[in-house]
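Visitor: Sequence and predicted structure, then a few things I'm wondering about:
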Amino acid sequence: MSSHRTSTLSVAGYPVWLLCLFVGMLALGTDEFVISGILPDVARDLGVTPGTAGLLVTGFAIAFAAGAPILAFLTDRLDKKAVLTWSLVIFAVANAAVAISDDFVLTLILRVVAGLAAAAVSPTCMVIAGMGAPEGKSGRYLAVVTAGLTVALFTGVPFGAFLGDVLSWRATFALIAAIGVLVAALSAVLAPSVPGGPVTGIAARLAPVRNPRVLGLVAAMFLSGAGGLMFYSYLGTIFTEQLGATAGDVTVALLVVGLVGVVAVFFGGALSDRLSPRPARLIVLGGHCLALGALAAYLASGAGFGLTLFLFVAVWSVFAWALSPVIQAGIMSVADDQPMLAMSLGISGLYGGSALGAALGGYLVDNYGPAAIPLVGTVWLAIGVACALVRPAPTADTAEDATEDTEAPVSTNTAS
């Protein structure tokens with residue numbers, strides 16, 4: 001593939017291959033979350049209880065979170081374009097098989113396979129986007145990819161659930177499989193080739209695991225997932241049980257979060273490009289913590305449901321959804337020669353934090369009430385800010401780049 005071809009095929013100023021990655025991430029996000037909306041039909045069709053059918057969600061999520069760093073390590077030396085293409089093919093085949101499976105155990109295994117394939121696709125998309133971006137635009141390119149997951153929450157997931165209701169839940173997975181095949185084909189033709197890492201020993205390939213700057217950002221991602229996504233997971237519960245809102249009010253609030261979130265993702269990418277990653281994440285992480293703290297204070301004050309609450313939620317959404325491209329850009333900037341493993345650790349941190357937040361949120365609701373969720377979440381976020389901003393003491397290996405003030409988005413200009 002010539003660089004001329006990838007530079008001339010563009011839409012709205014972005015290369016077509018980047019928009020393909022966006023659609024791929026949209027399919028991944030839909031595949032992960034859509035089953036919650038069609039779970040009763042899946043359970044009925046496969047002859048299990050809804051609780052048992054919920055393992056299809058758990059299996060995918062665990063495979064995604066645990067598989068990302070493992071697969072990043074195993075595929076480190078391979079061309080990222082090849083990894084992306086074949087992972088998408090496996091993802092599509094697994095979803096197509098789910099669409100025709102009549103056995104629950106087989107369906108569960110296929111969901112795990114789809115989760116592992118998604119675990120390979122997601123960080124690979126981010127590496128190709130970040131390293132294939134023109135100089136000074138890696139943050140914006142990462143934002144486009146990240147936006148796929150955000151858009152899936154309020155477009156792909158509802159549409160998938162609607163399709164399952166009108167036709168069949170099997171049609172939903174068949175559509176996801178078809179999108180996977182399409183994106184794989186387009187990526188194979190259009191996406192830039194990003195070579196794998198150099199042939200090195202295992203110790204060198206595991207360098208991000210020992211890099212305190214990478215681990216600090218992964219910890220910040222984990223704590224942000226535990227604090228911020230805990231609030232998002234229980235937003236409906238907080239609105240209805242704490243404030244007496246209706247189901248329609250909750251729907252409007254989720255729509256606000258989704259719409260603001262899409263804009264916020266691109267805001268995070270642009271901010272990371274305009275500033276260096278360190279001040280960008282100070283703004284986003286600090287704003288996230290303050291916004292959730294303001295929501296906690298609002299709920300503690302006894303104020304009722306109204307426009308002010310929606311404004312607080314909208315402001316929180318800006319920082320919550322801007323976080324991923326900012327942190328991932330920072331991880332790339334300090335990952336040295338192992339961006340794939342480093343960024344997969346960031347993804348695992350986010351999903352692991354989300355899982356912890358969901359479990360902790362349930363405990364808080366049952367024992368302390370919904371208002372405790374944003375309060376505890378703010379504490380988690382404050383710790384996350386500290387993890388992201390602390391500078392480790394320079395060692396012999398890091399003395400030459402001990403300061404983070406010179407961090408800049410990484411780009412190899414492979415797409416231009």
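Guide: Structure received. Numbering: from 1, shown residues only.

Visitor: Only C-alpha atoms from now on, for both contacts and neighbour counts.
Guide: OK.

Visitor: so where's the stretch 101-250 of the chain shaky on pLDDT?
Guide: Under the criterion pLDDT under 70, the flagged ranges of the stretch 101-250 of the chain are 153-154, 157-158, 196-209.

Visitor: Please report how far Gln328 lies from Gly160.
Guide: Gln328 sits 28 Å away from Gly160, taking C-alpha to C-alpha, to the nearest Å as the criterion.

Visitor: Packing partners of the helix or strand that contains Leu255?
Guide: Here Leu255 is covered by helix 247-274, with elements defined by DSSP states H and E. Secondary structure elements in contact with helix 247-274, counted by 3 or more C-alpha pairs under 8 Å, 6 or more residues apart in numbering; DSSP states H and E, are helix 138-151, helix 235-237, helix 277-300, helix 307-334.

Visitor: Now do the buried residues in that helix.
Guide: For helix 247-274, the neighbour count (16 or more other C-alpha atoms under 10 Å) marks 249-250, 253-254, 256-274 as buried.

Visitor: just how off-centre is the host helix or strand of Thr124 within its chain?
Guide: Assigned by DSSP H and E, Thr124 falls within helix 104-131. Helix 104-131 has its average C-alpha position 12 Å from the chain's average C-alpha position, going by C-alpha atoms, centre = their mean, to the nearest Å.

Visitor: Please apply the same query to stretch 136-156.
Guide: Here the centre of mass of C-alpha atoms in stretch 136-156, compared against the chain's by C-alpha atoms, centre = their mean, lies 9 Å away.

Visitor: same check, this time on stretch 274-282
Guide: A distance of 19 Å separates the C-alpha centroid of stretch 274-282 from that of its chain, computed with C-alpha atoms, centre = their mean.

Visitor: Give me the buried positions along the helix holding Thr124.
Guide: If you call a residue buried by 16+ other C-alpha under 10 Å, then helix 104-131 has these buried ones: 104, 107-131.

Visitor: can you redo the helices and strands packed on helix 247-274 as a markdown table with mean neighbour count?
Guide: Output for those, formatted as a markdown table (neighbours: other C-alpha atoms under 10 Å):
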| stretch | mean neighbour count |
| --- | --- |
| helix 138-151 | 27 |
| helix 235-237 | 19 |
| helix 277-300 | 21 |
| helix 307-334 | 24 |
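
Visitor: Reformat those into CSV and put distance to Thr172 next to each item.
Guide: Formatted as CSV, the helices and strands packed on helix 247-274 follow (distance: least, C-alpha to C-alpha, whole Å):
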stretch, distance to Thr172
helix 138-151, 17
helix 235-237, 25
helix 277-300, 34
helix 307-334, 26
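
Visitor: Could you tell me how many residues sit around the residue lying closest to Glu241 once chain neighbours are set aside?
Guide: Beyond its immediate neighbours in the sequence, the residue positioned closest to Glu241 (C-alpha to C-alpha, 6 or more residues apart in numbering) is Pro370, lying 7.2 Å away. Pro370 is flanked by 26 other residues according to other C-alpha atoms under 10 Å.
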